[in-house]
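I need the structure of the sequence given here:
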Amino acid sequence: WTVPQNYVADESETSGWRKVASPQIASIQVAFVLSAVFATGDAFLESGPPGTLQNFFAGTPELVPAMANYKMWQSLGMGVQFSLGAVLKEHR
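Predicted coordinates for the structure are as follows:
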């Protein structure tokens, strides 16, 4: 599948872009469907693991350490992402 080009760069135009085709309605619908699929997955990944931990450890003294451990790994992942972004900045 090749992505259709609706506009191409053209320095002779006043806006810098030249329209070569009109977007099809199916292309616009696909963008919204994929956004909804992504949002659904993201909503589960944000609430699923903490909810599972809270349900599994409910009523036990291990609940608070389990949640702290989860947040520690989440924060470590964010720190690694930030560090990699800073180190690999010039490789974009």
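
for residue 88, give its distance to residue 59.
Per C-beta to C-beta, to the nearest Å, residue 88 is found 45 Å from residue 59. All C-beta spots, glycine's among them, are computed from the backbone N, C-alpha and C.

where does pLDDT dip in this structure?
1 (pLDDT under 70).

okay, stretch 47-63 in CSV with CA atoms only?
Output in CSV follows, covering the C-alpha atoms of stretch 47-63 (Å, rounded to 0.1, in the frame of the first residue of the first chain):
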residue,chain,number,x,y,z
SER,A,47,-5.6,1.5,33.4
GLY,A,48,-5.2,-2.3,32.9
PRO,A,49,-2.0,-3.1,34.7
PRO,A,50,-2.7,-0.9,37.8
GLY,A,51,-6.2,-2.3,38.0
THR,A,52,-4.9,-5.9,37.7
LEU,A,53,-2.3,-5.3,40.5
GLN,A,54,-4.9,-3.7,42.7
ASN,A,55,-7.4,-6.6,42.2
PHE,A,56,-4.7,-9.2,42.7
PHE,A,57,-3.3,-7.7,45.9
ALA,A,58,-6.6,-6.4,47.3
GLY,A,59,-6.8,-6.8,51.1
THR,A,60,-3.1,-7.8,51.5
PRO,A,61,-0.2,-5.8,52.9
GLU,A,62,1.6,-6.3,49.6
LEU,A,63,-0.8,-3.8,47.7
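
look at residue 88 and residue 59 and report which has more neighbours.
Set residue 88 next to residue 59 and count neighbours by other C-beta atoms under 10 Å: residue 88 wins out with 9 against 6.

for the more buried one, give its distance to residue 70.
27 Å.

before we move on, what about residue 50?
Distance from residue 50 to residue 70, by C-beta to C-beta: 6 Å.
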